[in-house]
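**Q** with the input below, show me the fold.
(chains A, B, C and D)
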Number of protein chains: 4
Amino acid sequence: MRLSSDAKGVYPIAPTPFLPDGRIDEASIDRITDFYGEIGATGLTVLGVMGEAPKLDGAEAAAVAARFIRRTSLPVIVGVSAPGFAAMASLAKTAMEAGAAGVMIAPPNTLRTDDHIVTYYRHAAEAIGPDVPFVIQDYPLSFSVVMTPGVIRRIVADNPSCVMLKHEDWPGLEKISALRGFQRDGSMRPISILCGNGGLFLDFECERGADGAMTGYAFPEMLVDVVRLVAAGERARAHDIFDAHLPLLRYEQQPGVGLAVRKYVLMRRGLLASDAQRKPAGGLSATARAEVDFLLARLARHDGRARLA
Amino acid sequence: MRLSSDAKGVYPIAPTPFLPDGRIDEASIDRITDFYGEIGATGLTVLGVMGEAPKLDGAEAAAVAARFIRRTSLPVIVGVSAPGFAAMASLAKTAMEAGAAGVMIAPPNTLRTDDHIVTYYRHAAEAIGPDVPFVIQDYPLSFSVVMTPGVIRRIVADNPSCVMLKHEDWPGLEKISALRGFQRDGSMRPISILCGNGGLFLDFECERGADGAMTGYAFPEMLVDVVRLVAAGERARAHDIFDAHLPLLRYEQQPGVGLAVRKYVLMRRGLLASDAQRKPAGGLSATARAEVDFLLARLARHDGRARLA
Amino acid sequence: MRLSSDAKGVYPIAPTPFLPDGRIDEASIDRITDFYGEIGATGLTVLGVMGEAPKLDGAEAAAVAARFIRRTSLPVIVGVSAPGFAAMASLAKTAMEAGAAGVMIAPPNTLRTDDHIVTYYRHAAEAIGPDVPFVIQDYPLSFSVVMTPGVIRRIVADNPSCVMLKHEDWPGLEKISALRGFQRDGSMRPISILCGNGGLFLDFECERGADGAMTGYAFPEMLVDVVRLVAAGERARAHDIFDAHLPLLRYEQQPGVGLAVRKYVLMRRGLLASDAQRKPAGGLSATARAEVDFLLARLARHDGRARLA
Amino acid sequence: MRLSSDAKGVYPIAPTPFLPDGRIDEASIDRITDFYGEIGATGLTVLGVMGEAPKLDGAEAAAVAARFIRRTSLPVIVGVSAPGFAAMASLAKTAMEAGAAGVMIAPPNTLRTDDHIVTYYRHAAEAIGPDVPFVIQDYPLSFSVVMTPGVIRRIVADNPSCVMLKHEDWPGLEKISALRGFQRDGSMRPISILCGNGGLFLDFECERGADGAMTGYAFPEMLVDVVRLVAAGERARAHDIFDAHLPLLRYEQQPGVGLAVRKYVLMRRGLLASDAQRKPAGGLSATARAEVDFLLARLARHDGRARLA
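**A** Numbers count the residues shown, from 1 in each chain, chains lettered A, B, ... in the order given. A predicted model of the protein is given here:
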C-alpha cells in the first residue's frame, strides 16, 4: 500500500512514547496505534518532529517505525528528515522495507532561495529513490524555510514521487487556495494536502480544499469529525465541534511546550503510560497542568470524550 | 501623566488609519480614540508594529502620535523603535513634548546574546534620557530576539525608567510566573506586565499575574471584560467571554494577514473609514473576508457587540 | 549628473566622521572628500551601513549627504535604506534635491522568498520615483537575504531605474560571471557592478567582469590601482599590489570591528580628526591597535603610501 | 591517549575523501593521514562539517573514523554533532571504542539565549558520558549561535570533560584574550584553544594566546610553521610565511565553495585521488580552477611546497 495523491482524512502524528527512564514504551505504541484505528484515522505519521524523532538513534528510529507499521493496517508515513542524504536514504530504505507507505521530508533550516529549496527536494528524491512516495513538510515557523506556492509547484513537477503536502504554513489559507487553483488551471498535477499546525485552522482549511489533517492534537476524534462534517456540507456543526476544542487546542499548539501538553493529555486519556520526554524536554509546571485540567473540564461540557476519570 | 509600574487594564494598540489613497485618516484617528475611551481602556499605544509605524516618515509619525494624544485624556505610549539611537531619541523627545506618557522600544533583530540585549536597552535608555518611562517589547516571534526572565530582570535593574513589559513571548505563561516570582523573592522591583499576541492567552495570562492587555484585537471590549472578570474572581465568566471570541481572535492573530483582518473588522464596526494599509500590505481575499464575516456572525450569537449592520 | 549603468572605477564608501563628543565632524567630511577626489575615485557613496547611517536622525542624514555632495564634483550615491517606504522616499527626495547622483537600497532582513525580494524592490522603486537611479545592495552576510542571479535579473527587468549592483555576496565570483553571462545572452540589460566586502576579492572580481569597487578600505588608492591595472591587462602587477595590502585588508574586513579599524587607519593617515563612532560601537583594544600598527609597518615596506608619521 | 587541555599544535581537519562515484576512498584516507603525520601535525580531527560528516550515514561515519584512527598514532578528535543526544551518544561511544582521543560538539542552530547554550552542552556531556573529553565548536558564521566568553566559561565550569575550544568566531581575537584573561584571574580553568576559520587570523591568534590551529587549509605545513615560529618568538618570519599563503588561504576560506577549493588543491598535491564531494556539493567552475592554479603558481615563488607538477 503506497501513499498516493488520493490520500484523505486524518493522519495523526503519533508521539513516540517513552518510559520515565527514557526507554521506548512499546506497549503504549501498540495502545495508541489501536486507538487511531478505532477513531477513524485514515493513516498515521511517525517519527515527525513532534514524535521526537531527532532524539532517537538510528536503530531506535527503525524499531519504532517498524512497531507502528506492524501494529496497524493503516498506511504509515515515516519522517526521514536528516542532516544529509545518506542518512535519509538509509532510514527511508529501512522504513519502506518494514512496510511504510511513504516518507516525509522537511527542509533543513539553512535553505534560503527558491532554487535552494527546489534543488534540495530533487536531491532528496534521488537519494531515497524514485519508487518511494514522499511528503513535503512545509513548516516555516519551525524550519525558517518559506516555500511559495510556485516553489511547491516546481517540486511537484520535478518529482513524480511527491504525492502530498503537509501544510503548516501560517498564515496558510491562501496557500491552499493557490495550490488548488494551480490544479484547476492545469499547471500542477493534483496532490494530497493534509494540514498541521495543531489543527488551529482546520475548520477553514477543509473548506479551502485541504484533504484533511496531519497533526498531533490529543483529541484526534475532533479532527476526524471536522473533516467528515465539512465533507458532508455540515458547516455549522463542523465549526461547533471545532470551536469547543479551540481553547485546549490553542493551549496545546504553543511551540516547545506543546508536546508536553499533548503527552500529558494522552496520558490522562490512558493512551500513554507516561508523559515522559527525552531531553531536551519542555515540561509542564504544576500550574500548567492545572490549566490543562481546567480546559479539559470545560471541554467535557461540550464533548463527552473529554470527560476523564 | 507619566507611565508608571502601576499601570493596569487594557492599552489597545491603535492602528494607524489610512485613506484609500495612502494619506493618514485623521477623522478615524479621532473616532477610534474616542471609542477606546468609551469602552474602558485605561491607556493607548500608538505607532507600534501593528500601527504600521515603519511606514510613516518622521514628520508623519510625530503628527499621528500628537493627534492621538490630543484627543484623549488617557495615557498614551508611543512606539519609538528605530534603526539607531539618534532617530529613537528624536522621536521620543517629540512624543514626550506632545504629551506622551512613555515610549515603547523593541530590540533590533540582530541582537543575539544576553549581553547584547541588556546593553542595547542601556544604550536606548541613555539615548532617550532618564526621565522618559519606557516599555520593553518582548516579541520573539516577530523580532527573533529571545529574552529570558533573567535578562528582563537585568534590564529592569539597569534602568530605573523601565516601568513595563509588553509581554508577547509565545509560549509565555511561565515567563509571567517567573517574573512575578522575582518580585516576590525581592530580586526584581515590580513592573507592569501587559500582554500582547493578539490576546491569544489573555485568559490565563491574567491569572498568572499579568496586569492586563496591550494588543490590537478588534473587539477590545472583550479584553476589558476578561481583565475585569479575572480581577473580580469570576473565572468561569472570564473564560466564557474569552472562548466566545477565540475563533475570531485566532483568525486575527495570523502573522502578516492579521492587521488586514483587524482593520477590516474595525471598518465593519464603523470605527475606521477604510481598511487601507500602506505597502507592503497583506490584503484579504474575498474568501478571507467571507470567513471573517462568518466568524463575526457566529460570535454575535454570544456577544451582541459583534452584531454588525 | 545621474548615475548610469556605465559607472566604472572606485566609489569609496565614505565613513561619517564624528567628534569624540558624538557631533558630526564637518571638517573631516571636507578633508576626506577632497582626498577621494585626489586619488582618482570616480564617485562616492555616503550613508551606507559602514557610514553609520542608522545612527543619524533624519535631519543629520540629510545634512551629511548634502555636505559631501557640495564638496565634490564626483557623483555621489546616497544610502536610503529605511524600515519603510515613506522614510526611504523622504530621504531619497532630499538627497536628489541636494544633488545626489542616485541612491542605494538594501533589502530588509525579513525577506525570505525570491518573490518577496523582487516585490520589495518594485515597491521601493515606486516609492522613490522612476526618475531616481538606484543601486541594489546585495550583502547576504549582513542582511541575511540571498539573491540569486535570476532574482537580480528580475529586479533589473522590473525597474528601468535600477542601474547598478553593489556586489558583496560571499562567495561571489560566480555571481559576477553569471550576471555578465545574462548580458551576453541578451537576457539582462547591462548594469554596472561595483564590488564591496572590503575588497577581499577585488583582484579576481575585476577579472570576472566587475566594473570596479565600492567599499571602504582605508587605502582606497590600492583599489584604484587594482581596477586600473586589471583594465590595462597588467595582471601580475594588479595582484602584487593587492597581495601587499591583503594582510591589513583582511584585518579590516572583520565584521563589527572592521569600522573601528578603518576609522583608526584613516585617523592615522590624517584624514579623520578622530576615530570616534556613535553607539553601538565596536572599539579597538590597545592590542588591536598595536596589531594594526604592525600591519601598517609591514605594508609600508611594499607601498610607501602606508608610511605614516 | 585521551585529549586534554594541554593539547597544542596543529590538528588538521581531515576531509572525507570520496571516489567520483560517491564511495568512500579509503586509500586516500590512508595517504592523507600519513601526510599529516609527516608534516608535524600534533593531532587530527575527522567528521567535521568540512569533513562532510552529515553526508555519511551512521555506519559510514563509524567506518571512516575508525580508519583514520587505526592509521595514525596521533590523537584523533571525532565530530559527533547530531540532531539529538541519542545519535550523538551512539557515535561518541563508537568513536571512543575505536580509539578516538575525544569528540567535538557543535551547537544546533536553534539555540538562542545564553542559558540555552549552556544547558545544551550540559545535556550533551551527560549524553556522551563524563569520561569522554569534548571540544566546543564555536563557529557563529556557520551555526548562527553566538557564545560570549562568559558562556564558554560557564560551559567549562559545568563540564569537567570539556577540554578544548575550537575557536572560529569572527571577529575572534578579543575572545581569545578574554578567555586567557579568565584563566589568569582564576575564574576559568585552563583549556586548549585551537583556531579554525581556515586559518585566516592564525598569525595573530597565536600571539593572543591560542595553542594552535584546527582547520583544513590545504597546506597545513604553513599552519605548523606559523605555530612554531610564533612560539619561538620569530614574529616577522611567522608573518612572512603566513602572508605568502594568505591570497590562497583567503580564496579557500569562502563559505560553501571553500571545500571544493580545498579538495582540488589536495588532489593537485597528490593527497586525494579525486576532489569529488557528495551532494549537496559546491563545485568549481573552470574559471575558478584556473584562479586557484594561478594562486598556487604565485605562492610557489615564496614556498616551494606549492610547486606542483
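
**Q** any idea which element residue A:297 lies in?
**A** Take DSSP states H and E as the rule and residue A:297 turns out to sit in helix A:286-300.

**Q** let me fix that, I meant to ask about residue A:261.
**A** With DSSP H and E as criterion, residue A:261 is part of helix A:258-268.

**Q** next, the angle from that helix to helix A:286-300.
**A** 60 degrees (axes from the mean of the first three to the mean of the last three Cα atoms, to 10 degrees).

**Q** in helix A:258-268, what's buried?
**A** Residues of helix A:258-268 classed as buried by neighbour count (16 or more other Cβ atoms under 10 Å in any protein chain shown): A:258, A:259, A:260, A:261, A:262, A:263, A:264, A:265, A:266, A:267, A:268. C-betas here are computed from N, CA, C, even on glycine.

**Q** what's next to that helix, contact-wise?
**A** Counting contacts by Cβ atoms under 8 Å, 6 or more residues apart in numbering or on different chains, the residues outside helix A:258-268 that touch it are A:15, A:32, A:50, A:52, A:198, A:216-219, A:248, A:251-252, A:254, A:272-277, A:281-284, A:288-289, A:292-293, A:296, A:308.

**Q** now list the buried members of the residues you listed.
**A** Neighbour-count burial (16+ other Cβ under 10 Å) applied to these gives A:15, A:32, A:50, A:52, A:198, A:216-219, A:248, A:251-252, A:254, A:272-277, A:281, A:284, A:288-289, A:292, A:296.

**Q** narrow the residues you listed to those in helices?
**A** A:32, A:248, A:251, A:252, A:288, A:289, A:292, A:296 (DSSP state H).

**Q** how about the first one, nearest residue that isn't a chain neighbour?
**A** With Cβ to Cβ, 6 or more residues apart in numbering or on different chains as the measure, residue A:271 is the residue that lies nearest to residue A:32, at 4.9 Å, once sequence neighbours are left out.

**Q** and what of the second one?
**A** Among residues not flanking residue A:248 along the chain, residue A:295 sits closest, at 4.4 Å (Cβ to Cβ, 6+ apart).

**Q** am I right that the one you found is in contact with residue A:249?
**A** No - with contacts defined as Cβ atoms under 8 Å, residue A:295 does not count as touching residue A:249, sitting 9.3 Å away.

**Q** who has more neighbours, those two?
**A** residue A:249 (27 against 24; other Cβ atoms under 10 Å in any protein chain shown).

**Q** which bits of the stretch 101-250 of chain A sit near chain D?
**A** A:109, A:110, A:119, A:120, A:123, A:126, A:127 (Cβ under 8 Å from any Cβ of the partner chain).

**Q** what about 6 Å?
**A** residue A:123 (Cβ under 6 Å from any Cβ of the partner chain).

**Q** residue boundaries of the helices in the stretch 101-250 of chain A?
**A** Along the stretch 101-250 of chain A, the stretches classed as helices by DSSP state H, counting those that start in this stretch are A:114-128, A:140-143, A:149-158, A:173-184, A:202-208, A:220-231, A:235-252.

**Q** dump those to JSON lines, plus mean pLDDT and distance to residue C:63.
**A** Putting the helices of the stretch 101-250 of chain A into JSON lines (pLDDT from 0 to 100; distance: least, Cβ to Cβ, whole Å) gives the following:
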{"stretch": "helix A:114-128", "mean pLDDT": "98", "distance to residue C:63": "41"}
{"stretch": "helix A:140-143", "mean pLDDT": "92", "distance to residue C:63": "42"}
{"stretch": "helix A:149-158", "mean pLDDT": "98", "distance to residue C:63": "45"}
{"stretch": "helix A:173-184", "mean pLDDT": "98", "distance to residue C:63": "45"}
{"stretch": "helix A:202-208", "mean pLDDT": "98", "distance to residue C:63": "52"}
{"stretch": "helix A:220-231", "mean pLDDT": "98", "distance to residue C:63": "61"}
{"stretch": "helix A:235-252", "mean pLDDT": "98", "distance to residue C:63": "51"}
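
**Q** how many residues are close by the closest residue to chain B within the stretch 1-150 of chain A?
**A** Closest residue of the stretch 1-150 of chain A to chain B, Cβ to the nearest Cβ: residue A:141 (8.1 Å). Neighbours of residue A:141 under the rule other Cβ under 10 Å: 12.

**Q** same check on residue A:225?
**A** 23.

**Q** how near is the nearest residue to it once chain neighbours are set aside to residue A:293?
**A** Of all residues not flanking residue A:225 in the chain, residue A:241 sits nearest, at 5.0 Å (Cβ to Cβ, 6+ apart). Counting by Cβ to Cβ, to the nearest Å, the gap from residue A:241 to residue A:293 is 21 Å.

**Q** how much space between the residue nearest to residue A:27 when sequence neighbours are not counted and residue D:176?
**A** Spatial nearest neighbour of residue A:27, excluding adjacent residues (Cβ to Cβ, 6+ apart): residue A:273 at 6.7 Å. From residue A:273 over to residue D:176 the distance is 51 Å, taken as Cβ to Cβ.

**Q** ditto for residue A:243
**A** Per Cβ to Cβ, residue A:243 is found 59 Å from residue D:176.

**Q** which one's more surrounded, these two?
**A** Neighbours per residue, other Cβ under 10 Å: of residue A:243 and residue D:176, the larger number sits with residue D:176, 24 against 19.

**Q** burial of the nearest residue to residue A:162 once chain neighbours are set aside, as a residue count?
**A** Closest residue to residue A:162 apart from its sequence neighbours, by Cβ to Cβ, 6+ apart: residue A:156 at 5.3 Å. Residues within reach of residue A:156, counting by other Cβ under 10 Å, total 24.

**Q** so who does residue A:156 touch?
**A** With contact set as Cβ atoms under 6 Å, 6 or more residues apart in numbering or on different chains, residue A:156 has these partners: A:162, A:188, A:191.

**Q** possible to save those residues as JSON lines with pLDDT?
**A** Below are the contacts of residue A:156 laid out as JSON lines (pLDDT from 0 to 100):
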{"residue": "A:162", "pLDDT": "98"}
{"residue": "A:188", "pLDDT": "98"}
{"residue": "A:191", "pLDDT": "98"}
